[in-house]
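> Here's my sequence, what's the structure:
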Amino acid sequence: MSLNLNNHQDKYRCIPQLFEAQVERTPEAVAVIFADQQLTYRALNTKANQLA
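Prediction:
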């Protein structure tokens, strides 16, 4: 995930808020790769919400 902190509002957002925004922007993009497995932002967000 790349963070563009040029936007004034983004400077004051917490990591969970930035992550949720990334999920909205690119839900099907690959967020995590481990060995031969990968998760999209949507799938990672779903799993994170199940744990929360």
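
> gap between the residue nearest to residue 21 when sequence neighbours are not counted and residue 25?
The shortest distance from residue 21 to any residue that is not its chain neighbour, by Cβ to Cβ, 6 or more residues apart in numbering, is 7.6 Å, and that residue is residue 13. Yep, even glycine has a C-beta here, placed from its N, CA and C like the rest. Here the criterion is Cβ to Cβ, to the nearest Å. By it, residue 13 lies 14 Å from residue 25.

> Only the buried residues of the helix or strand that residue 16 is a member of, if you could.
In the assignment (DSSP states H and E), residue 16 maps to helix 15-25. Judged by neighbour count (16 or more other Cβ atoms under 10 Å), helix 15-25 contains these buried residues: 19, 20, 22, 23.

> just the helices in the protein please.
Assigned by DSSP state H, the chain shows helices spanning 15-25, 41-51.
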